[in-house]
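Participant: Fold the following.
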Amino acid sequence: MSSDNDNNTKRVGLKSQLVLALIPSFISQMIAFYRIKKVFYGVIVEVVIFFIALVINLAISWPAGMIIALPITVGVPTYYIRKWTLEFNRENKGLFR
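Facilitator: Residues are numbered from 1 along each chain as shown. So this is what the prediction gives:
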């Protein structure tokens, strides 16, 4: 087997993906998107969430705005990372599964 074929059948652990997604950091979430080959879509999700959080924080004073924005900035990427990781693993079941 060639190394390209081995890379195509590699599965990504859902637990490690969710840990990366739940860290409220752009970098850790982008690592999770990179591992499932969805960097472009990940950047789109992150940019949209950034502007939504910015609007919320500008419209609502600091403590309340952050309380509302933080679940959005963590929850939305977590949803997509979980969804796309399951799809990625379903497509790359491998030879012995």
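Participant: The most centrally placed residue in the chain: what's it in contact with?
Facilitator: By Cα atoms, centre = their mean, the chain has its centre lying nearest to residue 81, at 3.6 Å. By Cβ atoms under 8 Å, 6 or more residues apart in numbering, residue 81 lies in contact with 17, 18, 20, 21, 29, 32, 33, 36. For glycine as for every other residue, the C-beta is placed from the backbone atoms N, C-alpha and C.
Participant: From those residues, pick the one nearest residue 87.
Facilitator: residue 36 (8.2 Å; Cβ to Cβ).
Participant: quick one, phi psi at residue 92?
Facilitator: phi -110, psi 60 (degrees, to the nearest 10).
Participant: hang on, it packs against residue 36?
Facilitator: No. Between residue 92 and residue 36 there is no contact under Cβ atoms under 8 Å: 9.7 Å.
Participant: So for the two, which residue has more residues nearby?
Facilitator: Neighbour tally, residue 92 and residue 36, criterion other Cβ atoms under 10 Å: the higher count belongs to residue 36, 21 against 15.
Participant: which residue sits closest to the more buried one, ignoring its sequence neighbours?
Facilitator: Using Cβ to Cβ, 6 or more residues apart in numbering and skipping residues adjacent in sequence, the residue nearest residue 36 is residue 88, 4.4 Å away.
Participant: Okay, that neighbour and residue 81: tell me how far apart.
Facilitator: Per Cβ to Cβ, to the nearest Å, residue 88 is found 10 Å from residue 81.
Participant: same deal with residue 61?
Facilitator: Distance from residue 61 to residue 81, by Cβ to Cβ: 31 Å.
Participant: any low-confidence regions in this protein?
Facilitator: The model of the chain has pLDDT under 70 over residues 1-9, 94-97.
Participant: and residue 61, backbone torsions?
Facilitator: Torsion angles, degrees, to the nearest 10, at residue 61: phi -60, psi 160.
Participant: burial count for it?
Facilitator: Under the neighbour criterion other Cβ under 10 Å, residue 61 is assigned a count of 9.
Participant: Check the one 10 residues further on too.
Facilitator: The burial metric for residue 71, expressed as a neighbour count using other Cβ under 10 Å, is 11.
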